[in-house]
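Novice: predicted model and sequence below, questions to follow.
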Amino acid sequence: MQRIRRTESDAWALLTPTLQDHVAEPQPAFQPWRLGSQVYVAILGGCLAVTVIAVANARMLRVSGRGQAIVIATGVAGFLVTLALAGLVLGDGAPEGSGVALQLVAVLAWGAMYLVQRPADRVYASLRAPEEDADEQYRSLFGAGLLAVLIGGLPQLWLVAGVAP
């Protein structure tokens, strides 16, 4: 059996820094939006509006391509369910408040989008300075959310009204 001889230089090699060649990941160009704020877009604008916001936010959070595809598929499925449900609940004999069911579909779709974005959002929040105010880590969704509600919500409203008997 051959003995391994350790030299003094081997011992010092254990104490040398190993991350000296490591390049830190650059800061994101844009701050993402709070995940909880996206529910307002879902309630007011529907599945199309919240899908646009969630996909943009997933890109800012650097969610994987598979995760972004799941967000898009969830939004499309929610929109199709909304159209199918509109034909059922918005008819002439529909009970009062049946339109809330359409908003519920958008909120359920947002919930799935939230779960896809949450791990990346936690990583984003943990990499920020802990002494930094939590509100300053995220940017406001007011302008983009309002635009998404107008641009995404109006076509959905038009399509739902066209599907309803």
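Specialist: Good, I have the coordinates.
Novice: now do the buried residues in the longest helix along the chain.
Specialist: In the chain, taking DSSP state H as the definition, the longest helix is helix 100-127. Judged by neighbour count (16 or more other CB atoms under 10 Å), helix 100-127 contains these buried residues: 101-103, 105-107, 109-110, 112-114, 116-117, 120-121, 124. Glycine gets a C-beta too; all of them are placed from N, C-alpha and C.
Novice: show the subsequent helix or strand relative to that helix.
Specialist: From helix 100-127 onward toward the C-terminus, using DSSP states H and E, the following helix or strand is helix 142-163.
Novice: give me every residue that touches the closest residue to Arg128 other than its chain neighbours.
Specialist: Using CB to CB, 6 or more residues apart in numbering and skipping residues adjacent in sequence, the residue nearest Arg128 is Gln137, 4.8 Å away. Neighbour list for Gln137: Gln31, Tyr124, Ala125, Arg128 [criterion: CB atoms under 8 Å, 6 or more residues apart in numbering].
Novice: ok, now how distant is Gln137 from Phe30?
Specialist: Using CB to CB, to the nearest Å, Gln137 is found at 12 Å from Phe30.
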